[in-house]
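Trainee: I need the structure of the sequence given here:
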Amino acid sequence: MKSRQLVRVERAINVYDNESDELIEEISVDSIPFDKLKDIVPPNADDPLLYDGYDLDIIQLEKLNTFLSEKIKPDLKRNTYILVCGGIYE
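Mentor: Predicted coordinates for the structure are as follows:
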C-alpha cells in the first residue's frame, strides 16, 4: 500500500445543532493566520498545532469574527461551535 502525502491542513468551525447533534455548517478559518488562531484558541499542551477539536465560546467566536468576511452569528443556546482540523492528502 502506497503511503499518502499530506498536502495541507485545513481548519474550520463546525456548527452543530444542539438538539439533533447534526452538522449544519462548516466555516473555513484558513484565512486566519495560525499565530492569531493560537492566540484566540490556546492549544492543549500535547496539541501545539491545534489538531484536536476545541469547543468555542462566545468571546472566541467574536475574536474569530474580526478575521472573517462572512461573520458568524453565534447562538450558543441552539448551536455548538467546534474548531476542527483535517488533513488533505494526495
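Trainee: middle-most residue in this structure, spatially?
Mentor: L83 (2.4 Å; CA atoms, centre = their mean).
Trainee: Would you quantify the distance from that residue to E70?
Mentor: Counting by CB to CB, to the nearest Å, the gap from L83 to E70 is 17 Å. The way it works is simple: take the backbone N, C-alpha and C, and place the C-beta from them, glycine included.
Trainee: low pLDDT regions in this structure?
Mentor: Across the chain, the ranges flagged by pLDDT under 70 are 1.
Trainee: change it to 90
Mentor: Where the chain drops to pLDDT under 90, the residues are 1-4, 6-8, 87-90.
Trainee: On the three-state scheme, L64 is what?
Mentor: Under DSSP: H, G, I helix; E, B strand; the rest coil, the three-state class of L64 is helix.
Trainee: List the residues that contact the nearest residue to it once chain neighbours are set aside.
Mentor: Closest residue to L64 apart from its sequence neighbours, by CB to CB, 6 or more residues apart in numbering: I40 at 6.0 Å. Neighbour list for I40: Q60, K63, L64 [criterion: CB atoms under 8 Å, 6 or more residues apart in numbering].
Trainee: Tell me the most packed of those residues, by neighbour count.
Mentor: L64 (23 neighbours; other CB atoms under 10 Å).
Trainee: hmm, back to that, and the residue nearest to the centre of the chain, how far is that from K2?
Mentor: Applying CB to CB to L83 and K2 gives a distance of 31 Å.
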